[in-house]
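Q: Kindly generate the corresponding structure for this input.
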Amino acid sequence: MTFLVTGATGSVGRKVVEELVQGGHPVRALTRDPGKARLPEGVEVVAGDLTRPETLEGVFDGVTAAHFIGFAGDDYGPLETAAEIVDLAVRTGVRRATVLKGVQGEQVEEALQKTDLEWTFVQPVEFMSNARDWAESIRTERTVREPFPKALSAMVHEADIAAVITAGLTGDGHHGQTYVVTGPEALTKPDKVRILAEVTGQDIAYVELTEQQARDRWAAEGYPKETIDFFVWVHGDPPAIGYTVVDTVRQVTGRPARTFAEWVAEHRAEFTA
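A: Coordinates of the predicted model:
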């Protein structure tokens with residue numbers, strides 16, 4: 001049984017590849033630029049672009065289970081070619097699929113639900129890896145400047161997302177499930193800064209920005225107004241799904257979800273000068 005992982009060089013896709021390899025499974029990894037993939041030895045790396053189905057000729061040959069990303073490109077937009085891709089997968093013999101759900105569109109999910117494939121949808125909340133956005137200011141100023149200090153997030157380790165996906169790909173009993181995946185605790189931004197300080201052994205200050213100051217900063221970074229409005233919504237008034245802790249990781253994998261402190265310990269060097 002060969003497993004295909006699309007989006008294989010992303011923060012979650014890479015972890016799915018690693019999980020499958022550790023489990024002894026043959027893996028084919030799809031990426032737009034195989035030369036930059038840097039995936040584990042033994043992984044078959046192939047070139048292809050989900051937004052251009054004509055580049056996927058032969059990609060699904062011999063694949064029994066496939067992991068899809070439910071979005072397209074670096075802007076995480078909806079994957080408009082989803083129906084063509086799923087049809088190709090079905091025609092070439094894929095029998096099981098998982099989907100990493102995105103925040104825009106449900107094209108892949110809708111396409112899979114019209115087939116006889118076994119499907120599992122995985123919906124994570126905020127990635128712990130988003131803390132990397134603060135790495136430079138922590139290294140250079142020992143400071144984090146962000147708005148909305150009271151907003152909560154049940155942020156999740158990307159390896160735990162991958163573990164749930166891998167279970168869906170390799171095990172039985174997951175067909176028809178949509179798994180919301182969170183970490184073990186809901187944290188505010190000051191909570192995250194405190195944990196970063198404790199684990200890295202540094203004094204790190206949290207400086208609250210007003211909403212307007214945050215909007216100005218995002219605009220200066222080149223984000224369009226609609227994206228900035230989305231940032232304000234998701235960070236300032238997050239939906240309950242984003243801060244409600246659920247025990248999916250333990251239920252699906254048999255072990256507890258990793259904490260943010262564990263994630264910081266793994267990436268400590270990124271936050272220290």
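
Q: Identify all contacting residues around stretch 28-45.
A: With contact meaning C-beta atoms under 8 Å, 6 or more residues apart in numbering, stretch 28-45 is reached by 2-9, 13-14, 17-18, 21, 26-27, 46-50, 56, 59, 63. To be clear about C-beta, it is placed using only N, CA and C from the backbone, and glycine gets the same treatment.

Q: Using PyMOL, make a named selection holding only the buried ones among these.
A: Buried residues within the contacts of stretch 28-45, by 16 or more other C-beta atoms under 10 Å, are selected in PyMOL with:
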select buried, resi 2+3+4+5+6+7+8+9+13+14+17+18+21+27+46+48+49+50+56+59+63
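
Q: Among the contacts of stretch 28-45, which ones are in strands?
A: Under the assignment DSSP state E, the contacts of stretch 28-45 contribute 2, 3, 4, 5, 27, 46, 47, 63 to strands.

Q: could I get those as CSV with distance to residue 176?
A: Shown next, in CSV, are those (distance: C-beta to C-beta, whole Å):
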residue, distance to residue 176
2, 24
3, 20
4, 21
5, 21
27, 25
46, 29
47, 32
63, 21
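
Q: what's the farthest-apart pair in those residues?
A: 3 and 47 (17.8 Å; C-beta to C-beta).

Q: Which pLDDT does the model give residue 134?
A: Residue 134 is assigned 97 on the pLDDT scale.

Q: That one: what secondary structure?
A: Recorded secondary structure, residue 134: helix (DSSP: H, G, I helix; E, B strand; the rest coil).

Q: Am I right that it is in contact with residue 144?
A: Yes. Judged on C-beta atoms under 8 Å, residue 134 makes contact with residue 144 at a distance of 4.9 Å.

Q: got any residues that touch both of the two?
A: Common neighbours of residue 134 and residue 144 (C-beta under 8 Å, 6+ apart) are 193, 196.

Q: Can you show me the strands along the stretch 51-200 of the chain?
A: Listed in chain order, the strands of the stretch 51-200 of the chain (DSSP state E, counting those that start in this stretch) span 63-69, 96-100, 118-124, 143-146, 177-181.

Q: Please name every helix or strand in contact with the last one.
A: Translated: strand 177-181. The contact analysis (3 or more C-beta pairs under 8 Å, 6 or more residues apart in numbering; DSSP states H and E) places strand 177-181 against strand 118-124, helix 158-170, helix 248-253.

Q: Equivalent analysis for the third one, please.
A: Counting contacts by 3+ C-beta pairs under 8 Å, 6+ apart, strand 118-124 packs against strand 96-100, helix 107-113, helix 158-170, strand 177-181.

Q: CA atoms of the first one as CSV?
A: The C-alpha trace of strand 96-100 is given here as CSV (Å, rounded to 0.1, in the frame of the first residue of the first chain):
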residue,chain,number,x,y,z
ARG,A,96,-9.1,6.1,1.2
ALA,A,97,-8.5,9.8,1.7
THR,A,98,-7.9,12.4,4.4
VAL,A,99,-8.3,16.2,4.1
LEU,A,100,-6.6,19.0,6.0
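
Q: I'd like to check the angle between it and strand 63-69, please.
A: Here strand 96-100 points in a direction 10 degrees away from that of strand 63-69 (axes from the mean of the first three to the mean of the last three C-alpha atoms, to 10 degrees).

Q: and the residue of the chain most remote from its centre, what does it touch?
A: The centre of the chain is farthest from one residue, residue 203, which by C-alpha atoms, centre = their mean lies 29.4 Å away. For residue 203, the contacting residues are 142, 197, by C-beta under 8 Å, 6+ apart.
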